[in-house]
Every structure is written in structure tokens, then in C-alpha cells.
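Asks: Here is my input; please provide its structure:
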Amino acid sequence: MKERSISELIRRNRKRLGTFLTAAAVLLAFVGSWQYYSDAAYAGNVVHDRLPSTVLYSVLKLFTFAPTVSVGAPTPICYEAAKWIAPLCTGYWIFSAAEAVLRNRFEKLYRRIGRKKQTAVIGFNEESITYIRNGKKDGQDFVLFTESPMEEEQRIRLEREHIPVEDMWELEDAGAADKKKLKRFFSTFSEAVLFSEDSLYNFSVLKNLMDHIESCPEGHDSGIRGFPCLLRCEDRLSEKLITEYCDSKKGRATIDVRLFDIPGIAAGELFMREPLYKNCLEMLKSDKKVSDPVNTNAGHDDETGMLRWIPDPHVLIAGFGSYGKAVLREVLLTGELSPFSAVKGYERLRITIIDRDARGAKEYIETSYPRMARIGDLEIIDADIGSMEVERRLERLPLPTYTVICFEDTGLSIAALKKLRSFFGLRRRELHGAAEYEACGITVTLAVRAEKGSRELMELLKMEREIQDPCMITAFGDMSDILFRNNIADPELEKEAADYNYTYTRLERMMHGGAGKPKEDRAESVCADNTGENGLNRYEIDSEAAEAWEKLRYEKKESNRAQARNRPYIRALLKLLPPLPDKRELLCTDGGTEWILRKLEEYPWLDMLTAWEHRRWCNFHYASGYVGFDPDPDKKGSFGKIVGEDGQVYYGKVHNCLIDDWAEMKKDAYAASTIIYDICAIYACENANT
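Replies: Residues are numbered from 1 along each chain as shown. Prediction:
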């Protein structure tokens, strides 16, 4: 460890050390040359007025590998030392200059000769450099393409890290782009990652690459088609436009496009590590007092009664920038966890936002989620996090079950962490009293967006934790932890969504008769497929799931991602309930809607689960821009006009099954016929390996 720190110190101060050594060599050369030529014992008699010129000439000759003194002649010690140090300094600066000028060419030559697999990263910013550095640890090779000329000093610093840099590669201009350069691009690189913060710039580059492949007659034969391209897009409207454009090109499969959103990756990683439902299930399973809204004397009379005592989350978001919006989206796509909750104060999903720009936050939510009120209750606290108004407003609300601090300023985030942690502890004491406080085993998850520097301070805060601190503190959003290829190209949520889609479609085939087999035969064979007993190995199943996933369009993929977010919760919930009826009893039947409704009456907990799944499905559509119910099936997904319960008029997509009330859902003839699909969704979550 000590050797590593010394070598790191030398590397960081290499230029200073070279300058210091050169200055020392000049001094030694001057002193040694003066001693040599001014002393008759060494050089004999030198004309007095020529001595300064002789000394300077001697100093210069020492640095040119040609000292003026013959080998073996007696010299002063300073001259002897300079004779060795001066040439080394000259060589150091020559190689430094050559490295600065030719390093990029040497890197290119080495990569081409070695035919190494390379990744093109287009767009220079902090995130792209972090991605490259993370990838280099895994042995990947990169070339960085900049949107504008880079300063020479910055370029040299990157090239010293073996990151070749290309300047002014104007791929966004299809008319001016060099076709030969584009062809060489596809033959040199295995994939491209478009990292510009401007999603439209990334799209212009992508479109030019697509146009080149379409105009290239040998594109299919040369293996260009299907070229992987990862595109950064953090604007929701642009995301929809880009995906719709790529969907229209799927028949030709010119480029395999995958979009990524850095704040979304951070928020998704947080909720995967610390699920939103975790505290809610802890409150259900705890026999202790958890907070005053929970009526612990009600008891759990049966399974349906137990489901009513699962509280809906109360999520607090402090700071509504790009990360706050990503957290909100994750919460809304998860939706209500307990639409039938009877827990006082936690009957509905509740979201509280703390941000000084309340007007901007409200406009964003009204634009992005016009039917927000159908999903949950929203409160915006328009105050600075350090203001006393924050505590006054929070006192009127139930205690949050999950808090996420998303401020961009690290100091502000740490201050918010200290303040909210203290407030939650005080609030918990008020609700329970000092004597009962320690008996409360439920903690509040408190996540803070933090880079590595601020994470050290968070560790100190954890160490300073009071005995009665109710918070579980965690960090998220550190670029060095999330900007890896797997998180961008193949995140866990994407794999889970593809697996869910594969399982659901096989169950759907069971409902519709599979390959035309008799009911009894198809039930046995398709159910065997879903338990992995049909002869397929895991690799073949994964390949089939991936192939089916790639054929889906944007909205269907989003629907499966939303279901994948809830899949762990359903599995945890199923462990608390009686076993589900055999899937063949419900799905492999020709009994029609009435038979399904009778079965739901027979299994009341399944009826509640199915109602919950339908509510989750409704919430997903509301979060995706749908505004309400239209009975005409032909208008499904089209733009419509809905008058809400509040009398306001909403404009957006409509759906013929978007009915919130479960009893009304059962009464509608057409909508009731789709309930079997909600049941199918429950069974698709049942087993991990289905």
C-alpha cells in the first residue's frame, strides 16, 4: 500500500519533479564547468575574457550528450554529476514532447494492429469520462469523440490515461459527414455510446448512422446491421419521440438502440437495493406500535383483513431537480402498494415534495402526469430546506415511510439529512411517547444523493447516530458506482422485465389454447413450460425471452418494466397468503367471465390481489399520460377528452378498461372479460423461475 502511494505521488507530480531535476542539472553543470575551466589544474590556462562563454558552451554541450571534457579526464565532482544527470533530463523532455505529439497515433496503431475490440464514446463530460474509467478497469478499450475542440492540456491528460481523443467529428451533420469515415467507424468499433447531455444532438448522430447503413448496399453482408448504440436521453418527451422513430425502423433492424437515463439509473438502483414496500410490510408484520395511524387493536381476522392493514407509502422527496423527477417517476410507476388500505393516514399513496420552486414543480407534474390525483395525494412544500416552514408543514402529515434527498449541492444535502433525521426522531417521540419509543422497531429509509466525498461525511453521521434514531441512512447516485456498461446496456430491471414478459406471454398462450391443442393437453404442456420442465435450458429460455422482448414497442416495454418493479412485492405478499389455486384451474378454462367471477368469490384474497393488479395497471397508464375511460374499444390509445370527477377537462390517451372502481369494473361486460389478464399477471409473478 505504501509503495502504491509513493508511485501515485510520483505520477501526479512527474512534471514538477522533471522541472526540479532539470534545474538541479543546470546548476551542477554551471558550477562544475566553472570549476573545471577556471582551475589550471584541470583545463590549463583559459583566456580570462573567454571564460564565461566557455562555461556556457560547456553547459549546453552537457545537455546535448556531448560533453566538452574527454572521457577519463579528471573533473570536479559537480561536473561529473552533471555529466550523467543533464542527458537524462534532455531525454525526459524529448520523450515527453514526443508522447504529447504522437501518443494518439501510437494508440491508434497499437489498437489496429492488435485488432482490439473498441467502444466509441461520443460526447465529452464528467459522466462520459467516469464511464470510460470504470470500463477500463474491466479491460475495455475506448476512443472519445468530442463535440467541440478540446484544450491541448486536457487532451494530453486524457491520453496519458490511454484514452485517445478525436476532435470535431461532426456526425450530427448527415450532409457533411464523410462516408468513408463512417464506414471506417463501423469496421473499427463494436458499439457506440452517445453521452451528450443534449438528447437531440445524440439523436442527430444516431439518425446519421442509421441513414448511412440504409444507404450502404453491403451493410447487411458486412455485419453492420444490428450495431449496438446506447443513447443518453433524460427528457421524457424526447424519449418517446426517439423510441417511436426507432420502432418504425425495427423491420430493417439497422441499429440496436437502447436509451439510458443517468438519474433514472440512480433512482432504479436505489429502489432495487432498498425497496419502497419494505417498511410497509414491516409495519404489517410488526406486533409493536409503529405510529399513531396504525390501529393495532383491529387485528387480522382473515387474509383479506390482513391485506387491508398494509399501509400505502408516504414518500418525501427533498429537491426536485433531475434526480427528484427520476425518483418521482419510479414511485409513480410502482404505484399504490395497498389500494384497499385501512391504515389511518396511509390509505393512499402520498408524495410530498420540498422545493423552493413550487410553481415549476407543479407545472412539470401537471404536464407529465395530468391525472396525478388518480394515483395518489401530492403535497408541495414551497420552502427552503433550512426554513422552519418545512417542520411546520411536515407536522400536519403522517410520518414518511421513505425519504429521498436529491439536492445537487452536497452541503445542502448533508444539512437536509441532519435536519430531517432529527425531525423524524422528534416526531416519532411525540407520536409514541418516550417510554414506548424504543419499542418501535420500524425505521424510516433516508436516502441521500451523494458522491464519494460526501459519503465519508455520511459515514460519520451514521457513527454519531443516537440510540433512538429512527432512520436507516443510505447513499445513492455516485457516478463511479452506477456508470457501468451493464447498468446502461443491460440493467437488472430490463432483464426482469424481459423475463416477466416471457412468463406472461406463455401463460397467455395457455389461456388462448397454445398451438391448437385440446384444453387438457395444452394445460399440461404449457404449465410444464412455465416450470422449466419442457427440455429448455436456462440459456435457451433467456434467449427466447430476449428475442420476444426486442419485438415489443415502447409502451408495452414500459408496462412490463412497471410490472417488474412490483414483482418482488407480489412475491413477498404471496408468502403471507394461502397458496394460489392451481393456474390450470383458472387459466385453462372455457367457462367465460361468469365462471372467473365466481372463482374470485371463492378465493377472496385472490380477488383482492386481482383488484390490486388492476389498480396497478390503471396507475401505470395514468403515469404514462392516459387520462381516463372511454367505452369504445376502437379508441384505445387514441387522443381523447375526459371530464374528471373534479369537473376539470383532461386531454390525453383513453382506454376502454381504465376503470378505477373494482365493483364497476366487474359490472362492465367488456371490461370484466379482461379480468383474466389481471389474474394472469399475478401468476406471472408467482415463481422466480417461471
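Asks: For the rest of this, base every contact and every neighbour count on C-alpha atoms.
Replies: OK.
Asks: Was I right to think residue 615 contacts residue 340?
Replies: No: here residue 615 lies out of contact with residue 340, judged by C-alpha atoms under 8 Å, at a distance of 10.1 Å.
Asks: of those two, who's got more company?
Replies: residue 615 (24 against 20; other C-alpha atoms under 10 Å).
Asks: what's that one in contact with, if anything?
Replies: Taking C-alpha atoms under 8 Å, 6 or more residues apart in numbering, we find residue 615 in contact with 336, 339, 660.
Asks: element containing it?
Replies: helix 604-623 (DSSP states H and E).
Asks: Can you show me the strands along the stretch 301-450 of the chain?
Replies: Under the criterion DSSP state E, counting those that start in this stretch, strands of the stretch 301-450 of the chain are mapped to 314-318, 350-354, 377-381, 402-405, 444-449.
Asks: The residue most central in space within the chain: what's it in contact with?
Replies: For the chain, the residue sitting closest to the mean C-alpha position, by C-alpha atoms, centre = their mean, is residue 265 at 1.2 Å. Shown in contact with residue 265 (C-alpha under 8 Å, 6+ apart): 482, 487, 488.
Asks: Looking at those residues, which are in helices?
Replies: In helices, judged by DSSP state H, the following of the contacts of residue 265 are found: 482, 487, 488.
Asks: right, and the strands of the stretch 301-450 of the chain - which one's nearest residue 474?
Replies: strand 444-449 (4.8 Å; C-alpha to C-alpha).
Asks: What pairs with the closest one, parallel or antiparallel?
Replies: strand 402-405 (parallel), strand 471-476 (parallel) (DSSP bridges).
Asks: who are the neighbours in contact with the residue nearest to residue 362 when sequence neighbours are not counted?
Replies: Nearest residue to residue 362 in three dimensions, chain neighbours excluded: residue 380, at 7.9 Å (C-alpha to C-alpha, 6 or more residues apart in numbering). By C-alpha under 8 Å, 6+ apart, residue 380 lies in contact with 352, 353, 354, 355, 358, 362.
Asks: which of those residues are buried?
Replies: Among the contacts of residue 380, those buried by neighbour count (16 or more other C-alpha atoms under 10 Å) are 352, 353, 354, 355, 358.
Asks: on that earlier part again, now do the residue nearest to residue 362 against residue 416, distance only.
Replies: Note on residue 380: its distance to residue 416, by C-alpha to C-alpha, to the nearest Å, is 16 Å.
Asks: Likewise for residue 306?
Replies: Separation of residue 306 from residue 416 (C-alpha to C-alpha) stands at 36 Å.
Asks: The helix or strand residue 231 falls within pairs with which strands?
Replies: Here residue 231, judged by DSSP H and E, is contained in strand 227-232. Partners of strand 227-232 in the sheet, by DSSP bridges, are strand 189-194 (parallel), strand 255-260 (parallel).
Asks: Residue 646: what secondary structure?
Replies: Per DSSP: H, G, I helix; E, B strand; the rest coil, the secondary structure class of residue 646 is coil.
Asks: Check the burial of it by counting its neighbours.
Replies: If we define neighbours as other C-alpha under 10 Å, then residue 646 has 7 of them.
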